[in-house]
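Student: Need a 3D model of the sequence below.
(chains A, B and C)
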Amino acid sequence: MKILVTGGVRSGKSRHAESLLDGPVTYVAPGPVRDDVDWQARIEAHRARRPGSWTTLETGDLAAALRTDGPVLVDCLGTWLTRLVDDAGLWEAPAPAVTSYVGARTAEAVAALGDDVVLVTNEVGLGVVPEHRSGRLFRDLLGTVNQEFGAACDEVHLVVAGRVLRL
Amino acid sequence: MKILVTGGVRSGKSRHAESLLDGPVTYVAPGPVRDDVDWQARIEAHRARRPGSWTTLETGDLAAALRTDGPVLVDCLGTWLTRLVDDAGLWEAPAPAVTSYVGARTAEAVAALGDDVVLVTNEVGLGVVPEHRSGRLFRDLLGTVNQEFGAACDEVHLVVAGRVLRL
Amino acid sequence: MKILVTGGVRSGKSRHAESLLDGPVTYVAPGPVRDDVDWQARIEAHRARRPGSWTTLETGDLAAALRTDGPVLVDCLGTWLTRLVDDAGLWEAPAPAVTSYVGARTAEAVAALGDDVVLVTNEVGLGVVPEHRSGRLFRDLLGTVNQEFGAACDEVHLVVAGRVLRL
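Tutor: Below is the predicted model:
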């Protein structure tokens, strides 16, 4: 089963996603490495919740990570997208160039989806237009990324206040 | 059937809305004319997806557009609201004045709804309080506009990651 | 029945919540007292809609308010959280300190939930990352508060464009 889990921050998405997989799960953290205190606290809270038998893979190469044997949990597509645009230095590029680049990487990752995979993502397009172009670009890109993975998955789960809605 | 289609940016709302109508559809673009590159690219992508038999009507007079014979697709109420407040020069007006003005125009448009109409809108009220008063005003106004059209429609569809939820 | 009602601004949450209770309802307004015009207009609109038999309780002590006999309506957890952090002067505190403080107050309130209570809250975690730390902190805290109350309630209702989805 391929499942995309979406929702807002602190909605219970990660916890729900972790409950969907059994066995020797490969946990993929595809985002940029950050060193601020708030972030480290969040990472530790996630890590403490995961079974000791899980393997953690910190990598921006999502397509390669998805080709791992066995169940795979990706948390999350939002941080992956951030790292992707960071590493390619495309935050200031024209929208068509970055859209095309992200579209190609997304297609590679979607093609690499195995049969037992859960992907966590964020909904970020439900507020007013962001002040900064990078914010507007990010929410447009992530909306499209979510649509692509959503179309490739068997189920999309929306998590609100800890409750799960299967779309 | 009267249907309101809502969701976040790049959620797949427009695509879903376009799939709901057949025949000689009048496509109503009620927003302000913008000339930036990102916007033009988005408009073109929308246009390329629509059948050649559709008629496009670019107008801020939503009530008149809704009285057109045959199926009507409005995309979207968020840009209509922006143009409405722009044209009336009300962004700096006291909230009761602009609320009253928008309420009257909304009531006119709701009264003009035909039997075969799909309206696309945005959900913008699910983030933190915006920095600027115009952002706060916009999300309050659009929330109320959405409620009014939602109450007048037979169905409200929420689109998330390309999946459709009928409310 | 314990029900948590969530949704965006101006989605129709309060109106829906008010329709869920009968009899001598205690209406709890747990937020900070504000004196700006837009806010007062909103408060008055809410007040005018409520039956005259209802009792209004303006207090930040949510746990005590929840121990009131008879049906209780709390509107809303977002303003309660704002007042909680305001009164404790914790907006600039390290995240673990404020998270711990809010967690303890939330646990007290959850433990005080009666059998006939409706709580209104906001979804604020579905936009891009807020500019300011206080915005990021608020949405993280409210997400967790919503999860805690959601877990303790019998039902969670999501309101979108005036339509209600039972999760």
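
Student: start to end distance for stretch A:66-85?
Tutor: Start-to-end span of stretch A:66-85 (Cα to Cα, to the nearest Å) is 19 Å.

Student: Repeat that for stretch A:1-16.
Tutor: 15 Å.

Student: Three-state assignment for the residue lying closest to residue A:53 once chain neighbours are set aside, please.
Tutor: Once flanking residues are discounted, residue A:53 sits nearest to residue A:24: 5.9 Å by Cβ to Cβ, 6 or more residues apart in numbering or on different chains. C-beta here means a position set from N, CA and C on the backbone, and glycine is covered the same way. Using DSSP: H, G, I helix; E, B strand; the rest coil, the structure places residue A:24 in coil.

Student: ditto for the one 3 residues further on
Tutor: Three states are possible here, and by three-state DSSP the one that applies to residue A:27 is strand.

Student: Which elements pack onto the host helix or strand of residue A:45?
Tutor: Element membership of residue A:45, judged by DSSP states H and E, is helix A:37-49. When contacts are defined as 3 or more Cβ pairs under 8 Å, 6 or more residues apart in numbering or on different chains; DSSP states H and E, helix A:37-49 packs onto helix A:13-18, helix C:95-111.

Student: low pLDDT regions in chain A?
Tutor: Along chain A, the model assigns pLDDT under 70 to residues A:35, A:38, A:42.

Student: need the residues of it near chain C, please.
Tutor: Contacts of chain A with chain C, taken as Cβ under 8 Å from any Cβ of the partner chain, map to A:7-12, A:37-38, A:41, A:123-128, A:130-131, A:135, A:138-139, A:160-165.

Student: out of the residues you listed, which are inside strands?
Tutor: For the residues of chain A next to chain C, the ones inside strands are A:7, A:160, A:163, A:164, A:165, with DSSP state E as the criterion.

Student: now the helix holding residue A:45, how far from the chain's geometric center?
Tutor: The gap between where helix A:37-49 is centred and where its chain is centred comes out at 16 Å by Cα atoms, centre = their mean, to the nearest Å.

Student: what does the helix or strand that that helix is followed by contact?
Tutor: On the C-terminal side of helix A:37-49, the closest following helix or strand by DSSP H and E is strand A:55-58. With Cβ atoms under 8 Å, 6 or more residues apart in numbering or on different chains as the test, strand A:55-58 has contacts from A:24, A:25, A:26, A:27, A:28, A:29, A:30, A:33, A:47, A:65, A:68.

Student: The fifth one reaches residue A:76, doesn't it?
Tutor: Read it as residue A:28. No - in this structure, residue A:28 is not within contact of residue A:76 by Cβ atoms under 8 Å, at 9.5 Å.

Student: Mind naming the longest helix for chain A?
Tutor: Determined from DSSP state H, the single longest helix within chain A is helix A:133-152.

Student: same for that one, what does it pack against?
Tutor: On a contact count with 3+ Cβ pairs under 8 Å, 6+ apart, helix A:133-152 meets strand A:2-7, helix A:77-87, helix A:95-111.

Student: mind checking how far the second one is from the chain centre?
Tutor: In other words, helix A:77-87. For helix A:77-87, the separation from the chain centroid amounts to 9 Å (computed by Cα atoms, centre = their mean).

Student: quick one: it to strand A:2-7, angle?
Tutor: On the basis of axes from the mean of the first three to the mean of the last three Cα atoms, to 10 degrees, helix A:77-87 is oriented at 90 degrees to strand A:2-7.

Student: Return the set of buried residues in helix A:77-87.
Tutor: Buried positions in helix A:77-87, judged by neighbour count with 16 or more other Cβ atoms under 10 Å in any protein chain shown: A:77, A:78, A:79, A:80, A:81, A:82, A:83, A:84, A:85.

Student: Isn't the third one up against residue A:33?
Tutor: To tie it back to what came earlier, the one meant is residue A:79. No - counting by Cβ under 8 Å, residue A:79 stays clear of residue A:33, with 10.2 Å between them.

Student: now residue A:73, what's its secondary structure?
Tutor: Of the three states, residue A:73 takes strand according to three-state DSSP.

Student: burial measure for it, as a count.
Tutor: Residue A:73 has 24 neighbours, counted by other Cβ atoms under 10 Å in any protein chain shown.

Student: got a list of what residue A:150 touches?
Tutor: Residue A:150 touches A:4, A:156, B:161, B:162, B:163, counting by Cβ under 8 Å, 6+ apart.

Student: any idea how far the third one is from residue A:93?
Tutor: Taking Cβ to Cβ, to the nearest Å as the measure, residue B:161 and residue A:93 are separated by 25 Å.

Student: what's the answer for the first one, then?
Tutor: When distances are taken as Cβ to Cβ, residue A:4 and residue A:93 turn out to be 27 Å apart.

Student: Which one of those two is surrounded by more residues?
Tutor: Set residue A:4 next to residue A:93 and count neighbours by other Cβ under 10 Å: residue A:4 wins out with 30 against 15.

Student: pretty sure the more buried one contacts residue A:149?
Tutor: Yes - counting by Cβ under 8 Å, residue A:4 does reach residue A:149; the two are 5.2 Å apart.

Student: Can you pull the residues that touch both of these two?
Tutor: Counting by Cβ under 8 Å, 6+ apart, the residues touching both residue A:4 and residue A:149 are A:119, A:121, B:161.

Student: From residue A:106, how far out is the residue lying closest to the last one once chain neighbours are set aside?
Tutor: If I follow you right, that is residue B:161. Take residue B:161 and drop its neighbours on the chain: the residue closest to it by Cβ to Cβ, 6+ apart is residue A:150, 3.6 Å away. Per Cβ to Cβ, residue A:150 is found 12 Å from residue A:106.

Student: Same question for residue A:98.
Tutor: 12 Å.

Student: show me the contacts for the one residue sitting closest to the centre of chain A.
Tutor: For chain A, the residue nearest the mean C-alpha position is residue A:77 (1.9 Å; Cα atoms, centre = their mean). With contact set as Cβ under 8 Å, 6+ apart, residue A:77 has these partners: A:30, A:119, A:120, A:121, A:122, A:142, A:145, A:146, A:149.
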